Every structure is written in structure tokens, then in C-alpha cells.
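Asks: My questions concern the predicted model and sequence given below.
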Amino acid sequence: MKAPQDIIIKPIITEKSMDGLQVGKYTFKVAKDANKIEIADAVEKLFNVQVAKVCTMNCNGRTRRVGRYVGKTADWKKAIVTLTEDSKTIEFFDGMF
């Protein structure tokens with residue numbers, strides 16, 4: 001079993017993800033091979049909150065060009081974690097909205 005720090009890579013800070021904070025939805029970049037159960041357990045252990053639902057999506061990397069050379073950024077996985085009504089908020093996101 002992987003450590004929670006290996007599953008949750010970093011938070012995603014965008015306008016759309018900040019709008020979800022008011023309803024208890026937090027967005028994270030997660031390990032590509034992590035499933036919903038592992039993601040929920042990792043968030044509960046790292047932030048001491050109760051998770052109600054996890055939605056995941058695989059995001060394809062973008063094609064980038066530098067002159068005549070074409071490359072591709074890495075594919076990654078995104079998870080939107082919904083907390084329960086009685087759960088507290090995640091302190092990291094408190095000052096952002």
C-alpha cells in the first residue's frame with residue numbers, strides 16, 4: 001500500500017476549483033494508478049476530514065512545440081474530492097477564497 005503523500009501529488013488552484021470550495025469540493029493532482037478508495041483514504045489521513053465522494057478523470061498531456069520540434073507533456077490524473085456536510089475544511093485552502 002502506498003503512503004498518502006505518494007497518492008496526493010499537489011492541489012490544483014484554478015478559478016473553477018476555487019468555485020468548488022464553497023460547496024466542499026477540493027481538487028487534487030493524484031497518482032496515475034491510484035483508485036477512488038485510495039484517494040479517499042489518503043485525503044482523510046492527510047487532512048483529518050471525512051470524504052463523501054471522489055470523482056476522478058484522466059487528463060491527456062498537451063502537445064508543445066519549440067521551433068520545429070514537437071513534444072508532449074505527461075498525462076496525469078485529477079481527483080475532485082467532496083467532503084461531508086459535518087466535516088471541517090482543509091486548512092491549506094482557507095485563505096484562498
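Replies: Right, received. Where do you want to start? Numbering: from 1, shown residues only.
Asks: quick one: low-confidence parts of the chain?
Replies: 96-97 (pLDDT under 70).
Asks: can you give me the strands in it?
Replies: 8-11, 25-30, 51-59, 63-66, 69-72, 76-83 (DSSP state E).
Asks: Give me the sheet partners of the first one and which way each runs.
Replies: Strands flanking strand 8-11 in the sheet, each with its direction: strand 25-30 (antiparallel) (DSSP bridges).
Asks: mind listing what's buried in the strand it pairs with?
Replies: Within strand 25-30, the residues that count as buried by 16 or more other CB atoms under 10 Å are 25-28, 30. The way it works is simple: take the backbone N, C-alpha and C, and place the C-beta from them, glycine included.
Asks: Would you reformat the strands of the chain as CSV and include distance to Ile39?
Replies: Listed next are these as CSV, based on distance: least, CB to CB, whole Å:
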stretch, distance to Ile39
strand 8-11, 7
strand 25-30, 6
strand 51-59, 5
strand 63-66, 28
strand 69-72, 25
strand 76-83, 5
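Asks: List the backbone torsions phi and psi for the residue of the chain positioned farthest from its centre.
Replies: Centroid-distance maximum for the chain: Arg68 at 34.0 Å, with CA atoms, centre = their mean. Dihedral pair for Arg68: phi -90, psi 0, per degrees, to the nearest 10.
Asks: any idea how far it lies from Lys10?
Replies: 32 Å (CB to CB, to the nearest Å).
Asks: Please apply the same query to Leu46.
Replies: 12 Å.
Asks: Among the two, which residue is more densely surrounded?
Replies: Remark: of Leu46 and Lys10, Leu46 carries more neighbours, 16 against 8, as counted by other CB atoms under 10 Å.
Asks: these two touch, right, Ala52 and Asp86?
Replies: No: counting by CB atoms under 8 Å, Ala52 does not reach Asp86; the two are 10.1 Å apart.
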